[in-house]
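>>> Predicted model and sequence below, questions to follow.
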Amino acid sequence: MDERKWWKESVVYQIYPQSFCDGNGDGVGDIPGIIGKLDYLAALGVDVLWLSPIYPSPGYDNGYDIIDYEAIDPRYGDMEDFERLLAEVHARGLRLIIDLVVNHTSSEHPWFKAARSDKADPKRDYYIWREPATDGGPPNNWGALFGGPAWTLDEKSDRYYLHLFSPRQPELNWKNPLLRRDIYAMMRRWLSKGVDGFRMDVISLIAKPDDFSDGPVGRSGYFDPRERIAANPEVHEYLREMRREALSGRDLMTVGEASASTLEDARRLTDPSGDELNMVFWFEHMDLDGGETFKWNDRTIPLLPLKSVMAKWQQGLAHSGWNALFWNNHDQPRMLSRLGDEGAEREASAKMLATCLHMMQGSPFIYQGEELGMTNMRFTSPDQLRDNESRGAYRRYVKSGEISKEDMLRYISLKSRDNARTPMQWNAAPGAGFTRSTPWMDINPNHTEINAEEQPAREDSVLNFYKALIRLRRAYPIVVYGDFVPYAQEDPNVFAYTRVLDGETLLVCCNFTARSLDFAPPAGFLNENAKLLLTNRETSVYMTESRLAPYEAAVILRKERS
Ligand code: TEU
């Protein structure tokens with residue numbers, strides 16, 4: 001068995017502060033609102049809370065554009081509120097990790113303002129500047145993720161600065177040791193307040209390679225440099241330095257967002273002997289429904305490629321790294337709407353998806369509302385959009401005529417990040433128990449049906465099923481530490497695998513279709529040594545008839561005959 005670690009045994013719950021709970025009635029979620037819901041989270045049984053950014057920000061990218069790393073945005077409260085939150089979290093035996101966004105700052109960060117003010121300013125080199133190309137245009141053909149070139153001209157100094165996301169998010173220059181020193185000092189100050197670790201935003205992209213040459217242009221008209229950047233080995237040096245300078249001597253959780261990283265990169269990032277990160281988020285599964293116009297299409301995630309991608313990362317990080325397991329986060333449409341059923345089988349499919357993920361090896365992350373079976377939103381007008389990525393894409397594609405207005409709204413309802421960001425559905429009242437005034441973005445009308453108020457007392461609710469999954473993880477070490485072995489990899493309808501530990505085998509079968517299916521288990525699973533630990537169906541005939549009901553998930557434990 002791999003070395004036991006609390007963070008391997010943990011389930012993490014992600015809170016997106018502006019959409020979680022509005023304590024002061026201004027329509028935006030806040031820290032007092034979160035504190036008021038800690039008992040709900042403790043009852044769910046999660047171990048760790050991850051708080052998306054709560055720092056002062058112009059809010060262009062909902063807080064992922066920071067102007068002060070060491071203060072609290074007044075929209076969310078103040079430092080006293082934060083300290084109270086931390087104390088209340090700890091009082092319930094939970095841990096809190098915070099978002100560390102150090103690949104870029106806001107263009108309104110004092111560092112960037114100083115850097116722009118004068119070429120000789122000491123903060124100038126905290127960012128990445130290049131001369132214009134000979135025609136005066138950007139220095140290379142790199143594109144920004146939120147559209148347009150990855151360079152913006154600073155007219156005053158006649159130099160371009162680099163930004164991989166939007167012009168309002170200039171990239172920090174990690175080659176500068178003074179910048180690194182400032183970041184580590186900032187991290188140490190948060191840790192001395194008592195936070196239990198960090199979720200590190202696009203940490204795979206912090207180390208820019210020396211190669212700033214053009215790359216092959218995609219449909220966007222630009223080269224996407226992220227893979228080239230993620231492959232730069234310097235990132236490992238910086239993370240080891242970060243471990244030494246900021247994190248050592250503490251028992252923390254570190255999870256890196258490994259955007260554009262390969263399996264090899266991720267293995268290096270999470271190898272325990274490398275002293276870098278505990279675990280990483282990777283995105284190969286999330287990108288399986290992409291296409292020529294990036295994610296803006298109506299394709300769904302195909303099951304066979306999903307199975308092979310998951311198996312690749314399960315086996316690829318076994319014994320040498322660790323997976324952060326997720327179907328949802330604040331950047332993704334709801335997985336229930338992508339792969340499950342929003343209709344009659346909504347709850348069954350939500351539970352099936354949860355089972356499929358939570359029984360894999362890694363630390364599962366639950367994104368707010370997932371535990372209730374929250375769905376995507378049906379956006380009917382671009383005015384409802386709050387996400388800059390979706391707004392920009394709508395403008396670009398509709399203006400160029402590449403995608404019609406109707407299609408774009410349909411694609412947005414399927415794929416936009418805003419699907420994850422609609423307010424949390426606490427109850428059926430107007431405002432959904434999220435706010436008593438006008439919410440900062442529209443609430444999904446289905447909160448009258450899908451909400452946290454009615455679920456705790458209803459035995460077969462999605463919420464209670466998540467609790468059962470978490471209890472299973474506590475009761476059976478095989479759920480945490482068992483080896484993952486794919487089963488029936490060629491089956492186009494059922495996602496099945498086993499986990500193996502110390503003479504025990506756990507079989508997980510998930511029917512991804514709305515039909516009943518015959519599905520043969522591996523040998524030895526239909527006798528008295530096998531026990532059905534969990535199913536999402538009131539009555540399961542799987543153990544007697546090898547038949548899975550629509551969207552059924554079954555978890556079966558087989559003990560070796562002694
Ligand atoms: O995301 C980085 C990232 O590469 C993606 O998740 C990306 O936002 C998504 O694929 C676009 O659809 C992180 C944050 O999670 C995201 O919210 C920020 O916008 C981004 O960094 C910039 O800070």
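Looks like it arrived, so ask away. As the structure is a prediction and not an experimental result, all values here were calculated from the model.
>>> Would you mind measuring from residue 275 to residue 493?
43 Å (Cβ to Cβ, to the nearest Å). Backbone N, C-alpha and C define where each C-beta goes, glycine included.
>>> Quick one: the strands in the stretch 201-350 of the chain, in order.
253-257, 279-281, 324-325 (DSSP state E, counting those that start in this stretch).
>>> Got phi/psi on residue 4?
Main-chain torsions, residue 4, degrees, to the nearest 10: phi -70, psi 140.
>>> Can you lay out the strands of the stretch 201-350 of the chain as JSON lines showing mean pLDDT?
What follows is those, written out as JSON lines (pLDDT from 0 to 100):
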{"stretch": "strand 253-257", "mean pLDDT": "98"}
{"stretch": "strand 279-281", "mean pLDDT": "98"}
{"stretch": "strand 324-325", "mean pLDDT": "98"}
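>>> Which of those strands sits closest to the ligand?
Among the strands of the stretch 201-350 of the chain, the nearest to the ligand by Cβ to the nearest ligand atom is strand 253-257 (5.9 Å).
>>> now that closest one: how far from the chain's centre is it?
Counting by Cα atoms, centre = their mean, to the nearest Å, strand 253-257 is centred 11 Å from the centre of its parent chain.
>>> and it, which strands flank it?
Strand pairing for strand 253-257, using DSSP bridges, gives strand 197-200 (parallel), strand 279-281 (parallel).
>>> so what's residue 156 up against?
Listed by Cβ atoms under 8 Å, 6 or more residues apart in numbering, the contact set of residue 156 reads residue 116.
>>> let me fix that: residue 2
Per Cβ under 8 Å, 6+ apart, neighbours of residue 2: 8, 319, 481.
>>> For the stretch 1-150 of the chain, which residues are neighbours of the ligand?
Contacts of the stretch 1-150 of the chain with the ligand, taken as Cβ under 6 Å from any ligand atom, map to 61, 64, 101.
>>> Can I get the strands paired with strand 253-257 in TSV including mean neighbour count?
As requested, those are exported to TSV (neighbours: other Cβ atoms under 10 Å):
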stretch	mean neighbour count
strand 197-200	25
strand 279-281	25
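>>> is it possible to export those to a markdown table including distance to residue 345?
Shown next, in a markdown table, are those (distance: least, Cβ to Cβ, whole Å):
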| stretch | distance to residue 345 |
| --- | --- |
| strand 197-200 | 32 |
| strand 279-281 | 28 |
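>>> Tell me the residues on the stretch 301-450 of the chain that lie near the ligand, please.
Counting by Cβ under 6 Å from any ligand atom, the residues of the stretch 301-450 of the chain near the ligand are 330, 331, 389, 417.
>>> Phi and psi next, for the closest residue to residue 390 other than its chain neighbours.
Leaving aside its chain neighbours, residue 390 sits nearest to residue 416 (4.2 Å; criterion: Cβ to Cβ, 6 or more residues apart in numbering). Main-chain dihedrals, residue 416, degrees, to the nearest 10: phi -60, psi 150.
>>> and residue 416, what does it touch?
So residue 416 contacts 333, 379, 385, 387, 389, 390 (Cβ under 8 Å, 6+ apart).
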